[in-house]
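Peer 1: Here is my input, please return the structure:
(one chain, ligands or ions: 1)
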Amino acid sequence: MARVTSELLSLQTLHYVGPVCVLLYFSLAKTAATCFLHRPSKGTTVATRRYVALALLTAVCTTLVGQAVSRLIQSIAQPGTWAPQDEVVYFLISILAYGSLVLGVAENTQPIWHPYLGSFFVGGAFEVAITTLEALVHGAQNDFEFTRLALQSVRTVLLVVLCLLGSWYALQDRLDHSNHLDEAEPLISNGGPTPAKSYGAVPEQDDDEATSDIDSDSDEPNETRELRKKQRKRVEEKGSWIAYLKEFKVFLPMLWPSRDRIVQACLAAIGAVLVAERFLNVLVPRYLGFITDDLNEGNGVFPAHTVALWMLFSYLNSSAGLSVVKSLAELPVQQFAYKSIGATSFAHIMGLSMDFHNEKNSGELIRACDQGQNLQGLLEFALFQIAPMFIDLLIAFVYVYLLFDVYMSCILGFVGIAYIWVGAKTTGWSVRRRRRFNTAWRNESKVQNEAINNWQTVSHFNRGAYECDRYSKSIDEFNKAEMGYFISYFIGGGVQSLIMVIGRLAASFWAIYKVSRGEVKVGNFITLITYWRSIESPLMQVSWSIRRVTQMLTDSERLLQLFQTEPSVKDIPDAADIVIKSGEVVFEDVDFAYDVRKSTLKSVTFTAKPGQTVALVGETGGGKSTILKLLYRYYDVSAGSIRIDGQDIREVTLDSLRDSFGMVPQDPALFNISIMENVRYARLDATDEEVKDACRAAAIHDKIEGFPDGYKSTVGERGVKLSGGELQRVSIARAILRQPKIVLLDEATSMIDAETEAVIQQAFRRLTSDRTTFIIAHRLSTIQHADLILVIQDGKVIERGTHDELFQMDGKYVALWSRQLSKDVKTVGTTLHVDQADPAQLNMGSESTRGGADE
Ligand SMILES: Nc1ncnc2c1ncn2[C@@H]1O[C@H](COP(=O)(O)OP(=O)(O)OP(=O)(O)O)[C@@H](O)[C@H]1O
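Peer 2: Numbers count the residues shown, from 1 in each chain. Okay, the predicted model is just below:
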């Protein structure tokens, strides 16, 4: 008897533990396979395997249903023989577990086998034990028991067959895989790592192929597809999604307020409210149940104490209670994250080098920052929504069990798993659609941006209608993508709600049944009905959280990639500030290329002595501006070095280096603010008078005074309200105001007529006296008094010297003069045969064409 009792006890325990273990193993192994990027099997035998597994697993489920039906028929035919609780739970959870396996194989054309095979082994082992104990404890005393034992045995055999077949296939895969490697391996190994052999999985497949069905978006622009490809490569290099997600830790310092005590206090307050809410979620319905039971007793006593507590708990749990504290505390936390993500990404973008800014698309960049802001809620979300949600679910399982019985927990389990499964499926669809939606959204703003920014080009070619059509099409694309996304979102939500309703009805039905039989008090039913809402909300949150987190991660991919873009020019560790005493600049054997396939500068060597003016002349595209860009350290030299007062510019801080220059660029751009503020941008602490002095020196003061709003006039985007010459003069005023140590003038007067140029020569002389100066000018008269003139052609210095020395050489410099002179002479209607002109004549000519520029 004692033996039978212990065997019965073992059987009952196995009934609970067995199916739960299968379900747990399968869920964990599947999650791990996804996280660690296990590859699905591929090949001709895969379909056969799948069908065999599907058939056998369906048979396993059928035996379970058969057993359950036999029990049901027996209990109807022989009243009072209802199955014991452990057996019912065993049927229910086993159907859930093996049903999940069937679904998994059915919906995946290329399953990853090892979670299934492991589950077969776990399930098989338990089934062998359960069948043996079943035979020992119950035997086959009647037809019903015989049928059930037979079905139980068939299931055990089926699982053993699944184990053997699975192992055989896995072995075959390993052999195939190693043969494949042997054939593919070179005779002499290159010592590279051998691809990891994953159990039940076969050879590597092409990257794109492997993931194409998961996240390829056929209508993505190439650029985005390229980004995602890079991202996939990174995930694969990292080896798992977990390792990939670790990359998001760059955002952690932006989300976690390590130094802000107030925000930390807010986080603590939110945490305390969350703990209190967990208790209140249970206490409010429980006290309502107590009140119902008290009233049900009908003894005429008002349950004042219970009612008072119920009212207090209800108030605290309401939206006017603790959630107000939570909402108030959340605000500083959100603002902290908003500010730190925004400010860090802005600083990062501003710190990126010229190569990045030349390639960037501003609209896309701004959208990336906007979308990246979604991450602001991530930490708060993980800590204050996801964690409490799991705690709530755990509490719910135990609580409904205590209120009713294990069947109520099973109902909750079924509802939960079905709800989460549907949620995960719909998330899969909607993530893909969400990406398409994001892409279409970005594209729409890109088209809009491009057209508005290039309004002049659009109007030059009269392409207004074309641009409107292009924009209208991009809106159509956006609407289509939005529709696709929201349809999948709503359908998914609808199906999930249906599951919730069915779950609520099933739970109510079972509760009413128990109350009607007098097994539990009516207060428990009231508690359950009130509490069910608290159960639904974490369940809803599970799938919503999957959606939200995937959405947050998808949206912030771009920002992550942006953060991973390092500036190509940056300070070396421990770089010191530059110290400029005299301002000697030395270029030594400088080579440079924008693109490795084409060299731009070759062996450029020269010295600008302190206070000297160095002029760079030559044909367009020769590399003159590039020399200034290298000096400004927009790019680093490929070979050679640039030194200022003996300090290599790569070894000093960028800030101190750039602070030393005053640059007048070829195409100056202004902010759309007043002229006063635009000029003051060069030296933020300059007084109004200093700004005006600088403008006087740049011969633009009178002009500005002539504008209706004077110095307060705004200049339009990038300064479009000013003429080219005015723009250049404002830019010169800025350089004058800056009082730099080294002056860089890149075609600073190209749009200024010779007469005005003569006026500002004085200012130039003041600006450049005692300052090392670099001038690029196509109008050669501007540079003829330079201390050193470098003639640049095809990235090389082909001639060097003063104006007179170069004229003696009678080379390229003279040819440039001749060409310019001929142009100038032609403009005044005189034909001069420059080929025949001698340098002296040309020199004189140049003086005359300058129109007294020097004076
Ligand atoms: N950001 C860039 N990326 C790739 N190539 C570039 C870039 N900037 C300039 N180049 C190329 O480098 C070469 C030198 O250009 P650079 O602007 O230095 O010439 P330049 O002598 O100043 O011409 P210009 O007198 O017309 O201003 C040109 O062939 C140009 O096309």
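
Peer 1: only C-alpha atoms for contact and neighbour calcs from this point on.
Peer 2: Fine.

Peer 1: what about the longest helix in the chain?
Peer 2: helix 464-516 (DSSP state H).

Peer 1: elements contacting that helix?
Peer 2: The contact analysis (3 or more C-alpha pairs under 8 Å, 6 or more residues apart in numbering; DSSP states H and E) places helix 464-516 against helix 406-453, helix 522-564.

Peer 1: I'd like to know which of these has the weakest mean confidence.
Peer 2: Among the helices and strands packed on helix 464-516, helix 522-564 carries the lowest mean pLDDT, a mean of 78.

Peer 1: For A786, which three-state class applies?
Peer 2: coil (DSSP: H, G, I helix; E, B strand; the rest coil).

Peer 1: Mind listing residues that contact stretch 311-331?
Peer 2: C266, L267, A269, I270, V273, E277, L280, N281, L283, V284 (C-alpha atoms under 8 Å, 6 or more residues apart in numbering).

Peer 1: swap the cut-off to 7 Å and go again
Peer 2: For stretch 311-331, the surrounding residues in contact (C-alpha atoms under 7 Å, 6 or more residues apart in numbering) are C266, A269, I270, V273, E277, L280, V284.

Peer 1: what sits against the first one?
Peer 2: Going back to what we said before, that points to C266. Taking C-alpha under 7 Å, 6+ apart, one finds A329, E330, V333 in contact with C266.

Peer 1: just the residues you listed now: which is nearest the ligand?
Peer 2: V333 (41.7 Å; C-alpha to the nearest ligand atom).

Peer 1: what helix or strand does the closest one sit in?
Peer 2: Per DSSP states H and E, V333 falls inside helix 322-351.

Peer 1: on that earlier part again, could you export the helices and strands packed on helix 464-516 as TSV, including distance to the ligand and mean neighbour count?
Peer 2: Listed next are the helices and strands packed on helix 464-516 as TSV, based on distance: least, C-alpha to the nearest ligand atom, whole Å; neighbours: other C-alpha atoms under 10 Å:
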stretch	distance to the ligand	mean neighbour count
helix 406-453	20	19
helix 522-564	20	20
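
Peer 1: got JSON lines for those, with distance to D794 too?
Peer 2: What follows is the helices and strands packed on helix 464-516, written out as JSON lines (distance: least, C-alpha to C-alpha, whole Å):
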{"stretch": "helix 406-453", "distance to D794": "33"}
{"stretch": "helix 522-564", "distance to D794": "35"}
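
Peer 1: what's the closest of the ones you listed to I487?
Peer 2: helix 406-453 (8.9 Å; C-alpha to C-alpha).

Peer 1: Could you export whichever helix or strand comes after that closest one as PDB, CA atoms only?
Peer 2: Next helix or strand after helix 406-453 toward the C-terminus (DSSP H and E): helix 455-460. What follows is helix 455-460, C-alpha atoms only, in PDB (Å, rounded to 0.1, in the frame of the first residue of the first chain):
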ATOM      1  CA  TRP A 455      14.300  76.400 -55.000                       C
ATOM      2  CA  GLN A 456      16.600  78.500 -57.300                       C
ATOM      3  CA  THR A 457      17.700  75.500 -59.400                       C
ATOM      4  CA  VAL A 458      14.100  74.400 -59.600                       C
ATOM      5  CA  SER A 459      13.000  77.800 -60.900                       C
ATOM      6  CA  HIS A 460      16.000  78.100 -63.200                       C
END
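
Peer 1: what comes up buried for helix 455-460?
Peer 2: V458 (16 or more other C-alpha atoms under 10 Å).

Peer 1: before we move on, back to that, among the contacts of stretch 311-331, which one has the most neighbours?
Peer 2: I270 (24 neighbours; other C-alpha atoms under 10 Å).

Peer 1: Nearest residue to the residue nearest in space to the middle of the chain in space, please, no chain neighbours.
Peer 2: Nearest to the geometric centre of the chain sits E557, at 1.6 Å (C-alpha atoms, centre = their mean). Excluding its sequence neighbours, the residue lying closest to E557 (C-alpha to C-alpha, 6 or more residues apart in numbering) is G372, at 7.7 Å.

Peer 1: Neighbours of that neighbour, how many?
Peer 2: Neighbours around G372, by other C-alpha under 10 Å: 24.

Peer 1: quick one: it and S556 touch, right?
Peer 2: Yes - with contact defined as C-alpha atoms under 7 Å, G372 counts as touching S556 (4.3 Å).

Peer 1: So for the longest helix of the chain, mean pLDDT?
Peer 2: Helix 464-516 comes out at a mean pLDDT of 89.

Peer 1: picking up where we left off before, please check the contacts of C266 and keep the buried ones.
Peer 2: Buried among the contacts of C266 by 16+ other C-alpha under 10 Å: A329, E330, V333.

Peer 1: residue contacts, the last one?
Peer 2: By C-alpha under 7 Å, 6+ apart, the contact list for V333 reads V263, C266.

Peer 1: how about the strands in this protein?
Peer 2: 585-592, 601-608, 613-618, 639-644, 647-648, 661-664, 742-746, 772-776, 788-793, 796-801 (DSSP state E).

Peer 1: got these as TSV, with mean neighbour count, mean pLDDT and distance to L117 columns?
Peer 2: Putting the strands of the chain into TSV (neighbours: other C-alpha atoms under 10 Å; pLDDT from 0 to 100; distance: least, C-alpha to C-alpha, whole Å) gives the following:
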stretch	mean neighbour count	mean pLDDT	distance to L117
strand 585-592	21	93	59
strand 601-608	19	92	64
strand 613-618	26	92	75
strand 639-644	19	93	59
strand 647-648	16	93	64
strand 661-664	24	88	70
strand 742-746	24	89	72
strand 772-776	25	91	74
strand 788-793	24	93	71
strand 796-801	19	91	69
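
Peer 1: Export those strands as CSV, with columns for distance to the ligand.
Peer 2: Below are those laid out as CSV (distance: least, C-alpha to the nearest ligand atom, whole Å):
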stretch, distance to the ligand
strand 585-592, 10
strand 601-608, 8
strand 613-618, 7
strand 639-644, 16
strand 647-648, 21
strand 661-664, 13
strand 742-746, 8
strand 772-776, 8
strand 788-793, 7
strand 796-801, 11
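
Peer 1: can you list the ones you listed in CSV and add distance to K246?
Peer 2: Below are the strands of the chain laid out as CSV (distance: least, C-alpha to C-alpha, whole Å):
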stretch, distance to K246
strand 585-592, 37
strand 601-608, 42
strand 613-618, 50
strand 639-644, 37
strand 647-648, 38
strand 661-664, 41
strand 742-746, 45
strand 772-776, 48
strand 788-793, 50
strand 796-801, 48
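
Peer 1: and the helix holding V333 with helix 522-564, angle?
Peer 2: Helix 322-351 runs at 10 degrees relative to helix 522-564, counting by axes from the mean of the first three to the mean of the last three C-alpha atoms, to 10 degrees.

Peer 1: tell me how far helix 322-351 is from the chain's mean position?
Peer 2: Relative to its parent chain, helix 322-351 has a centroid offset of 17 Å by C-alpha atoms, centre = their mean, to the nearest Å.

Peer 1: got the buried residues for it?
Peer 2: Buried-residue list, helix 322-351, by 16+ other C-alpha under 10 Å: 322-323, 326, 329-330, 332-334, 336-338, 340-342, 345, 348-349.

Peer 1: Many thanks, I have nothing further to ask.
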